[in-house]
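Novice: Sequence and predicted structure below; questions after.
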Amino acid sequence: MDFATSVRTCFAKYVDFSGRARRSEFWWFVLFTAIVGIVASVVDTALGTDYDVRQGGLVNTLASLVLVLPQLAVGARRLHDIGRSGWWQLLGIIPVIGWIFLLVWFCTDSRRRDNQYGPSPKQEPGTYEPPTPPPPYGSGSDGS
């Protein structure tokens with residue numbers, strides 16, 4: 001998934017906390033929010049609407065409010081991809097330790113094809129093949 005597709009997807013699913021998101025979707029959107037934050041800070045400084053150097057300004061505050069729901073939604077979908085509940089994002093409240101856990105989980109690749117949150121987003125649509133069941137007991141070639 002490329003940058004533009006990721007941003008479009010995250011805004012299209014801005015309140016969709018179900019399903020799964022690939023790492024690329026999550027990290028491209030993180031980059032987008034960082035760029036928006038930097039641009040908003042520059043605009044605040046240029047317009048003179050900044051509160052102070054540490055807290056940002058009016059444009060930065062409005063940009064953060066617009067992006068908070070899409071950020072939470074894509075974070076929840078990213079955690080779903082590794083089989084965790086989106087509620088684990090609350091670990092971000094815990095300074096340093098919570099952020100470390102979240103960073104590791106956001107960087108973790110999904111190892112399972114499907115989980116309780118849906119099919120893997122890595123699969124192409126329409127290419128899902130259910131796993132073949134093992135042969136019934138006693139039908140082996142050993143004569144049993």
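Specialist: Good, I have the coordinates. Fair warning: this is a prediction, and the values are worked out from it, not measured in the lab.

Novice: which non-adjacent residue is nearest residue 23?
Specialist: Nearest residue to residue 23 in three dimensions, chain neighbours excluded: residue 109, at 6.6 Å (C-beta to C-beta, 6 or more residues apart in numbering). Where C-beta positions appear, they are placed from N, C-alpha and C, glycine not excepted.

Novice: In three-state terms, label the one you found for me.
Specialist: coil (DSSP: H, G, I helix; E, B strand; the rest coil).

Novice: Buried residues of the lowest-mean-pLDDT helix or strand in the chain, list them for me.
Specialist: Scoring the helices and strands of the chain by mean pLDDT, DSSP states H and E places strand 50-52 at the bottom, with a mean of 79. By neighbour count on 16 or more other C-beta atoms under 10 Å, the buried set for strand 50-52 is residue 50.

Novice: mind listing what that strand pairs with, with the direction of each?
Specialist: Neighbouring strands of strand 50-52 in its sheet, by DSSP bridges, are strand 56-57 (antiparallel).

Novice: outside of the helix or strand just after the strand it pairs with, which residues touch it?
Specialist: As assigned by DSSP states H and E, the chain's next helix or strand after strand 56-57 is helix 58-81. Here helix 58-81 makes contact (C-beta atoms under 8 Å, 6 or more residues apart in numbering) with 10-11, 13-23, 25-26, 29, 33, 36-37, 40-41, 43-44, 47, 49-51, 56, 85-86, 88-89, 105-106, 110, 115, 117-118, 120-121.

Novice: hmm, back to that, and the pLDDT for the residue nearest to residue 23?
Specialist: Note for residue 109: predicted pLDDT of 87.

Novice: just the strands in the protein please.
Specialist: 50-52, 56-57, 114-115, 118-119 (DSSP state E).
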